[in-house]
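# coords please:
(one chain, ligands or ions: 1)
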Amino acid sequence: MARLVLTAPMAAVATPELVSRLERALALFPELGDERVTIGVTASRRLDGLAYPSERLIRLNPYRRKQVPYFTIGHELTHLVQPPGLALIPSGEVQCDIWTLARDSLFLDEKPCYLEVSCDGRKWRRHAHAVRELCQRAIEIRQSNRRYIVWLRAQLCAYFNRADVEQPSLFDMMPLTPPPRVTTQALNR
Ligand SMILES: [Zn+2]
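From the prediction side, this is the model:
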């Protein structure tokens, strides 16, 4: 597992819960190897997160909410796997959301930021697993079809247009996870 290093400003404010979340998330990124990944604080309190892939550095906003969502941590770590980082997956924000959701159900605790899903934050938990499965299938489809995002958007549209979308709730299945917060994410992370 990559070695977690906090910048001095982050070390000064990081709660044990945040450090635990960072370690849990980082353990899901074996491709980052054993080298250090640095976690800093965003310069602007309006931002949820930022990534500097060449420096293996991400910045998070520990002030904005009660807890930094796993989704935000996962999204920023996924940027390190994109160019100009490890370049193992395609670049782009929507792509970053797709690969984050597909990686692990840990990252389903909040609605994606750039991949459009037709539900509000409160209802997201009912649809998160279904959306994650579609993301995983889109990544498989990409091997033979570069229009996999077009395919995914059509599938998401069809899914959310169904009259009786009834999926098991993520939090029914993960009782230890705290309930989600209804928040709006900054678009310019
Ligand atoms: Zn991003």
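# now do the phi/psi pair for Leu50.
phi -150, psi 150 (degrees, to the nearest 10).
# number of nearby residues for Ala27?
13 (other CB atoms under 10 Å). C-beta here means a position set from N, CA and C on the backbone, and glycine is covered the same way.
# my guess is it meets Met1, correct?
Yes: because the distance of 5.2 Å satisfies CB atoms under 8 Å, Ala27 is recorded as touching Met1.
# contacting residues around the lengthiest strand in the chain?
Counting by DSSP state E, the longest strand found in the chain is strand 36-41. Applying CB atoms under 8 Å, 6 or more residues apart in numbering, the set of residues contacting strand 36-41 from outside is 2-7, 9-10, 13-14, 22, 26, 55-62, 77, 80.
# please list the members of these that lie in strands.
Per DSSP E, these map to strands at Arg3, Leu4, Val5, Leu6, Leu57, Ile58, Arg59, Leu60.
# and the helices in this structure?
For the chain, the helices defined by DSSP state H occupy 8-13, 16-26, 70-81, 93-103, 121-142, 148-161, 170-173.
# packed most tightly, which of those would that be?
Comparing the helices of the chain by mean neighbour count (mean count of other CB atoms under 10 Å), helix 70-81 ranks first with a mean of 25.
# just list whatever residues bridge to Leu4.
Val37 (DSSP bridges).
# restrict stretch 41-48 to CA atoms and write it as PDB.
Coordinates of each C-alpha in stretch 41-48 appear next as PDB, following Å, rounded to 0.1, in the frame of the first residue of the first chain:
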ATOM      1  CA  VAL A  41      -5.600  21.000   2.200                       C
ATOM      2  CA  THR A  42      -7.300  22.800  -0.700                       C
ATOM      3  CA  ALA A  43      -6.300  26.400  -0.900                       C
ATOM      4  CA  SER A  44      -9.900  27.500  -1.500                       C
ATOM      5  CA  ARG A  45     -12.600  26.500   0.900                       C
ATOM      6  CA  ARG A  46     -15.000  26.400  -2.000                       C
ATOM      7  CA  LEU A  47     -13.200  23.400  -3.500                       C
ATOM      8  CA  ASP A  48     -13.900  19.800  -2.400                       C
END
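# is the ion within reach of it?
No: legend: contact between stretch 41-48 and the ion by CB under 5 Å from the ion is lacking; minimum distance shown is 8.9 Å.
# give me the subset of the contacts of strand 36-41 touching the ion.
Answer for the contacts of strand 36-41 near the ion: none qualify (CB under 5 Å from the ion).
# how about the helices of the chain in CSV, adding mean pLDDT?
Below are the helices of the chain laid out as CSV (pLDDT from 0 to 100):
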stretch, mean pLDDT
helix 8-13, 97
helix 16-26, 97
helix 70-81, 98
helix 93-103, 98
helix 121-142, 96
helix 148-161, 96
helix 170-173, 50
